[in-house]
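Visitor: Just the structure for this:
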Amino acid sequence: EALVVLGDLEMKAGDPVTGREILTRAAGILESIGAEATRGEALRIRGMAELFIGDREAATRSIEEALAVAREVGNQREEAWALQNLAWTAYESGHADVAEQHLEASVSVFSGIGDTGGLGWAQGLLAWVKFHRGDFADAEALAERLLPETGHRGDKWAEGMLRMLIASVRMWTGRCDEAIGPAEAALANMQKADDVGGQVQATGTIARILLAMGRIDEALEAVDRGLALGRETDQPQGFAGQVVAVLSYVALGDTEHAVGLLEGIDD
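Guide: Model prediction:
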């Protein structure tokens with residue numbers, strides 16, 4: 001049990017590789033003594049560590065096994081979290097329809113057991129899924145409804161993700177002047193959460209909004225900041241800074257610079 005907590009802490013501190021190793025060791029010990037409920041938790045958290053490493057297939061396998069264990073032992077809270085985590089892996093893999101199905105099931109279980117914190121996380125991810133499926137109005141409304149509770153809970157990372165979502169919806173629906181404020185607030189949240197990957201994403205969002213507003217010099221400064229931040233993290237989110245840089249130079253018509261950036265991206 002101590003190793004499960006330690007592995008979770010390592011992952012949240014930005015070292016998912018070490019977290020995965022510790023959680024694998026914990027799962028082995030728990031299996032040897034038949035502590036299935038705690039083993040399921042170890043497997044689920046390990047799956048999230050694998051997701052942050054970028055190994056989506058391994059993440060899905062770990063979390064699916066965790067879901068089976070949770071259902072076998074009757075742990076509804078772990079079942080709901082496993083469904084939410086499976087939705088995350090599906091979303092990161094580009095399968096929004098699968099993610100939405102998992103999230104609807106997760107919301108149902110969290111609601112049934114009265115876990116408002118877990119419910120907020122499931123609904124927050126659902127808002128992002130709706131955004132990527134083009135349900136802009138529903139995504140923005142859900143994010144705005146969740147934001148006060150998230151702020152009250154003091155979860156700066158989750159608050160930052162919701163603000164980034166609101167900014168993104170407004171940008172893609174032509175309301176850039178209303179988008180820049182939430183994007184800058186999202187960056188501040190990610191800085192408070194000490195999440196470099198989140199800072200890359202927020203900076204990239206700011207860059208794209210500034211570019212759409214015609215504030216070219218400021219946009220390119222933000223692009224450079226995003227690239228610099230991306231070099232500081234091993235998380236897959238660091239890739240976002242490179243993508244934003246490429247898209248920005250394409251939008252400006254500087255395709256030569258964009259191709260140069262593309263050639264420098266690690267497959």
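Visitor: switch to C-alpha atoms for all contacts and neighbour counts from now on
Guide: Fine.
Visitor: For this protein, which helix or strand comes out least confident on mean pLDDT?
Guide: Least confident helix or strand, the chain: helix 238-251 with a mean of 86, by mean pLDDT, DSSP states H and E.
Visitor: Quick one: list the elements packing against that one.
Guide: Counting contacts by 3 or more Cα pairs under 8 Å, 6 or more residues apart in numbering; DSSP states H and E, helix 238-251 packs against helix 196-212, helix 216-230, helix 255-263.
Visitor: can you give me the angle it makes with helix 216-230?
Guide: Orientation of helix 238-251 against helix 216-230 (axes from the mean of the first three to the mean of the last three Cα atoms, to 10 degrees) gives an angle of 160 degrees.
Visitor: Mind listing residues that contact helix 238-251?
Guide: 197, 200-201, 203-204, 207-208, 211, 220, 223-224, 226-227, 229-232, 255, 257-259, 261-262, 265 (Cα atoms under 8 Å, 6 or more residues apart in numbering).
Visitor: repeat that with 7 Å
Guide: 197, 200-201, 204, 223, 226-227, 230-231, 255, 257-258, 261-262 (Cα atoms under 7 Å, 6 or more residues apart in numbering).
Visitor: tell me the angle that helix makes with helix 196-212.
Guide: 10 degrees.
Visitor: which parts of helix 238-251 are buried?
Guide: 238-246, 248-249 (16 or more other Cα atoms under 10 Å).
Visitor: Turn the residues you listed into JSON lines, including distance to Ala96.
Guide: Converted to JSON lines, the buried residues of helix 238-251 look like this (distance: Cα to Cα, whole Å):
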{"residue": "Gly238", "distance to Ala96": "22"}
{"residue": "Phe239", "distance to Ala96": "20"}
{"residue": "Ala240", "distance to Ala96": "19"}
{"residue": "Gly241", "distance to Ala96": "23"}
{"residue": "Gln242", "distance to Ala96": "23"}
{"residue": "Val243", "distance to Ala96": "20"}
{"residue": "Val244", "distance to Ala96": "22"}
{"residue": "Ala245", "distance to Ala96": "25"}
{"residue": "Val246", "distance to Ala96": "25"}
{"residue": "Ser248", "distance to Ala96": "26"}
{"residue": "Tyr249", "distance to Ala96": "28"}
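Visitor: Most widely separated two among these?
Guide: Using Cα to Cα, the buried residues of helix 238-251 span at most 18.1 Å, a distance reached by Gly238 and Tyr249.
Visitor: Helices of the stretch 1-150 of the chain, residue ranges please.
Guide: Here the stretch 1-150 of the chain has its helices, by DSSP state H, counting those that start in this stretch, at 2-12, 16-32, 36-53, 56-73, 76-92, 96-113, 116-132, 136-153.
Visitor: For Ala193, find the nearest of those.
Guide: helix 2-12 (10.3 Å).
Visitor: pLDDT on that closest one, on average?
Guide: On average, the pLDDT along helix 2-12 is 95.
Visitor: Contacts for it, please.
Guide: Contacts for helix 2-12 (Cα under 7 Å, 6+ apart): 16, 18-20, 22-23, 26, 42, 45, 49.
Visitor: For the nearest residue to Leu165 once chain neighbours are set aside, give its distance to Met164.
Guide: Once flanking residues are discounted, Leu165 sits nearest to Trp128: 6.7 Å by Cα to Cα, 6 or more residues apart in numbering. Distance, Trp128 to Met164, using Cα to Cα, to the nearest Å: 10 Å.
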